[in-house]
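> can you look at this prediction? I've put the sequence above it.
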Amino acid sequence: MTVVTRFAPSPTGYLHVGGLRTALYAYLFARQNKGKFILRIEDTDQKRYVEGAVESLQNALKFFDLNWDEGPIFQSHRTAIYQKYAQQLLESGKAYRCFCTSEELDAMREQQAKLKIAPKYDRRCLELAPEKTAEKLAAGIPFVIRQLIPYKDIDFLDTIRGDMHFHGKDIDDQVLIKSDGLPTYHLANVVDDHEMEVTHVIRGEEWLPSTPKHLWLYEAFGWTPPIFAHLPLLLNPDRSKLSKRQGDVAAEDFVAKGYLKEAMINFIAFLGWNPGTEEEIFSLEDLVKRFSLDRVQKAGAVFNLEKLDWLNAHYLRAKTTKELTDLILPLLQKESWYSDALPQKFSEAQKEKILSSVQLRMKTLLDGPTMLRPFLLDTLDYKRELFFSEKMKVDEATVKLALENAIPALEALDNYDEEETIKAALVAVIEKLGLKNGQVLWPLRVALTNEEYSPGVFELCRLMGKELTLKRLKATLEFFAV
RNA sequence: GGUCCCAUCGUCUAACGGUUAGGACAACAGGUUUUCAUCCUGUAAAUCGGAGUUCGAUUCUCCGUGGGAUCACCA
């Protein structure tokens, strides 16, 4: 038997990170078993349809390399099929027409709430005499088709949760076909999973309570149900179901914030699963090999980004300069101050060195442009306060003193290829002035970068070369002369 | 409210019924003698409560407690 899994989102917007994890697990399970992964669009509610959502869903999945083998299959194109099956249930007496208006149903639920009993359809239309039904039908009164849930218990085995047990009497007679003729999730989902020969339904825990309804449908049709695996929820920091409002939830938001797909996949995979060893760096290919449903957690996991930052920095550092360049260049080109001519003042070898120095400090891709700016830009927009440091005892006089003495020393130096020679030259200056390292080096570093954090002075001098280094230092001296 | 699910450091989690309850992230302290980052070392930090089963429960059972999901002509 070939394994078939599916990801079945409804096109109501972007790809939610919870959806990303569901898709990931379904994908991993299919790949690992040399099975098939289907993408199905559950668009049976035309009211909720969002323009462009299907496109963005597909783009997101492709971005993360979660490629599907079949689909996208649109449920909205399959209404005739659902109708056919609903008729079948009607004929076998396992479903019935309901003519109740939403006002009637609201009133009924209000009553039930008042009496403190569970809100549930009271089956008033089931009691309808056949003639009466025929009458309403002839009059063209709109109706829905409801499943007739038998009052018997339903047991099933969930791969993640173990034995499940539900009482039939607690289950509502779910609407299968809406008055507009379109199916509800419950019918469409079961029919499609059966027709597409889905073997493993991997979905979020929020579907657990409706699983008995689905099982009842399988039984009513005489079909063998698939294996169910209900994934634990992704949680907000307050442990409620992860939602917008408390932060970003769209996968694309994280991409826009400069997170790498490798980091995202690795992070998301470990929210609810672990390999049982102490390894934690896993590529998509590693996950395909190692993933297993029985190591999936039962409890929900808080979607906490701290570890994502760490993973992202890790994957960023693992990039080759070529890969990193390809990732940063588009971001650079979006900056108002950038032009393609700017990098040309550096040789290829220099560019590579600059990039790898910056690479070590990046947390997200967005840090790229910020950290590269001091190298690329001709003039920096200095801020005085940045030069001073109480901790290192650097005040305005110290800044000037440091610059005035460092400039001639660096001017006398011709070889900027070795940090050691630059260091020797500057250390000599520091000793001559009788200052501490930081008192000279801190102002120089700020003069070179105009940033609070950056590579060290010797490294900067080497990376920038003699010309740019001196230009920067002189510009700073002028800045303080005014 | 009914039904169902869940419960180990702040967070993600590990632990055939027998461990000083392990790891990672974050935090903190120190080192790599300029900032930041990297790297290294160290510190602090958890089995929700109560019974029971057992020679022995984080682990099995029950009862509490807490949290969550779900109860639409939405998925």
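Structure's in. What do you need? Residues are numbered from 1 along each chain as shown, chains lettered A, B, ... in the order given.
> okay, CA-based contacts and neighbour counts for the rest of this
OK.
> quick one: contacts of the helix or strand hosting A:R40?
Following DSSP states H and E, one finds A:R40 within strand A:36-41. With contact meaning Cα atoms under 8 Å, 6 or more residues apart in numbering, strand A:36-41 is reached by A:2-11, A:26-27, A:30-31, A:54, A:68-75.
> pull the residues that contact the helix or strand that that strand is followed by.
Using DSSP H and E, the helix or strand that follows strand A:36-41 towards the C-terminus is helix A:53-63. Applying Cα under 8 Å, 6+ apart, the contact partners of helix A:53-63 are A:11-15, A:20, A:41, A:67, A:251-252, A:261.
> same question for stretch A:336-348.
With Cα under 8 Å, 6+ apart as the test, stretch A:336-348 has contacts from A:332-333, A:351, A:376-377.
> these in helices, which ones?
A:332-333, A:351, A:376 (DSSP state H).
> list the residues that contact A:I171.
A:120, A:149, A:212-213.
> circling back: quick one: which of the contacts of helix A:53-63 is nearest to A:A220?
Ranked by distance to A:A220 (Cα to Cα), those are led by A:I41 at 24.7 Å.
> separation between the nearest residue to the closest one once chain neighbours are set aside and A:K178?
Leaving out its chain neighbours, the residue that sits closest to A:I41 by Cα to Cα, 6 or more residues apart in numbering is A:F74, at 4.9 Å. Counting by Cα to Cα, to the nearest Å, the gap from A:F74 to A:K178 is 18 Å.
> just to revisit the earlier point, buried ones among the contacts of strand A:36-41?
Neighbour counting with 16 or more other Cα atoms under 10 Å marks A:3-11, A:26-27, A:30-31, A:54, A:68, A:72-75 as buried within those.
> circling back: with distance to A:S102 added, can I get the ones in helices among the contacts of stretch A:336-348 in a markdown table?
Listed next are the ones in helices among the contacts of stretch A:336-348 as a markdown table, based on distance: Cα to Cα, whole Å:
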| residue | distance to A:S102 |
| --- | --- |
| A:L332 | 55 |
| A:Q333 | 55 |
| A:K351 | 68 |
| A:L376 | 65 |
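> make CSV out of the residues you listed and add neighbour count and distance to A:K169.
Shown next, in CSV, are those (neighbours: other Cα atoms under 10 Å; distance: Cα to Cα, whole Å):
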residue, neighbour count, distance to A:K169
A:L332, 20, 62
A:Q333, 13, 63
A:K351, 19, 71
A:L376, 20, 71
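> could you list which of the residues you listed also contact RNA strand B?
Residues of the ones in helices among the contacts of stretch A:336-348 in contact with RNA strand B (Cα under 7 Å from any atom of the strand): none.
> farthest-separated two in these?
A:Q333 and A:K351 (16.4 Å).
> neighbours around the closest residue to A:A95 other than its chain neighbours, how many?
The shortest distance from A:A95 to any non-neighbouring residue, by Cα to Cα, 6+ apart, is to A:Q147 (4.3 Å). Using other Cα atoms under 10 Å, A:Q147 has 24 other residues around it.
> picking that back up, run through the contacts of strand A:36-41 and flag the ones next to RNA strand B.
A:8-10.
> nearest to RNA strand B among these?
Minimum distance to RNA strand B across these is 4.4 Å, recorded for A:S10 (Cα to the nearest atom of the strand).
> what's near enough to touch the closest residue in space to that closest one that isn't next to it in sequence?
Excluding the flanking residues, the one nearest A:S10 by Cα to Cα, 6+ apart is A:E42, at 4.6 Å. The contact partners of A:E42, by Cα under 8 Å, 6+ apart, come to A:8-11, A:74-76, A:185.
> could the contacts of stretch A:336-348 go into JSON lines alongside distance to A:L470 and pLDDT?
JSON lines is the format used below for the contacts of stretch A:336-348 (distance: Cα to Cα, whole Å; pLDDT from 0 to 100):
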{"residue": "A:L332", "distance to A:L470": "25", "pLDDT": "95"}
{"residue": "A:Q333", "distance to A:L470": "27", "pLDDT": "95"}
{"residue": "A:K351", "distance to A:L470": "19", "pLDDT": "91"}
{"residue": "A:L376", "distance to A:L470": "15", "pLDDT": "92"}
{"residue": "A:L377", "distance to A:L470": "14", "pLDDT": "88"}
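> quick check: the farthest pair among those?
Maximum distance among those (Cα to Cα): 16.4 Å, for A:Q333 and A:K351.
> on that earlier part again, direction included, what does the strand holding A:R40 pair up with?
strand A:4-7 (parallel), strand A:70-74 (parallel) (DSSP bridges).
> toward the C-terminus, what is the element adjacent to the shortest one?
This points to strand A:4-7. In N-to-C order, the element after strand A:4-7 by DSSP H and E is helix A:17-32.
> next: the last one.
Once strand A:70-74 ends, the next helix or strand along the chain (criterion: DSSP H and E) is helix A:79-91.
> please enumerate residues in contact with the very next helix or strand once past that following helix?
Note on helix A:79-91: by DSSP H and E, the next helix or strand toward the C-terminus is strand A:95-98. The contact list for strand A:95-98 (Cα under 8 Å, 6+ apart) reads A:86, A:89-90, A:125-126, A:143-148.
> chain center to strand A:95-98: distance?
41 Å (Cα atoms, centre = their mean, to the nearest Å).
> likewise stretch A:347-365?
26 Å.
> flag every residue of the stretch 351-482 of chain A that's near RNA strand B.
A:360-362, A:437-438, A:441-442, A:445, A:452-459.
> mind running it again at 10 Å?
Listed as neighbours of RNA strand B in the stretch 351-482 of chain A under the rule Cα under 10 Å from any atom of the strand: A:357-363, A:389, A:391-392, A:419, A:423, A:427, A:436-446, A:449, A:451-461.
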